[in-house]
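Novice: here is my input; please provide its structure:
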Amino acid sequence: MLIEFENRFSKAKEELIANAIAFAQSKLFPNEDDVYINIEAIRRKGLCGDCLFEDDNEFTIRLNSTLSLKDLAITVLHELVHVKQYLECMVMDTESPYEERWQEIEAHTLEGELYVQFKEYKYLGKS
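Specialist: A predicted model of the protein is given here:
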């Protein structure tokens, strides 16, 4: 796994993002080592983040740099569910309203479960 920050977050946020990515990889796609994640900071009202499939296991995850640490962690975990979906070659629903898309339902469900585990993971010093 290679993570590249395309623009700067605070040191605390970059560390949190890197830890969340490592944790999510271990849970969502543990056998995928050749994944490249570009992290881009954005400031867009009403958007926490998104995930763009680039090519050959390369993804760009755009994250709102104004999010709190908790919301940033949840957003990273949510977007990594989408990375898993792309790695599994799932066909994304682009026609339904956002909240009814299968991939969003799965990501919203798993983000909460993953966040609870991530807090425990960090607490135990495994990151």
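
Novice: in the worst-scoring helix or strand of the chain on mean pLDDT, what counts as buried?
Specialist: Least confident helix or strand of the chain, by mean pLDDT, DSSP states H and E, is helix 102-123 with a mean of 92. Using 16 or more other CB atoms under 10 Å as the test for burial, helix 102-123 gives 103-104, 106-107, 110-111, 114-115, 118, 121. The way it works is simple: take the backbone N, C-alpha and C, and place the C-beta from them, glycine included.

Novice: which other helices and strands contact that helix?
Specialist: helix 11-28, helix 69-87 (3 or more CB pairs under 8 Å, 6 or more residues apart in numbering; DSSP states H and E).

Novice: what's the most buried one of the ones you listed?
Specialist: Here the criterion is mean neighbour count by mean count of other CB atoms under 10 Å, and of the helices and strands packed on helix 102-123 the winner is helix 69-87, at a mean of 21.

Novice: let me see the mean pLDDT of it.
Specialist: On average, the pLDDT along helix 69-87 is 97.
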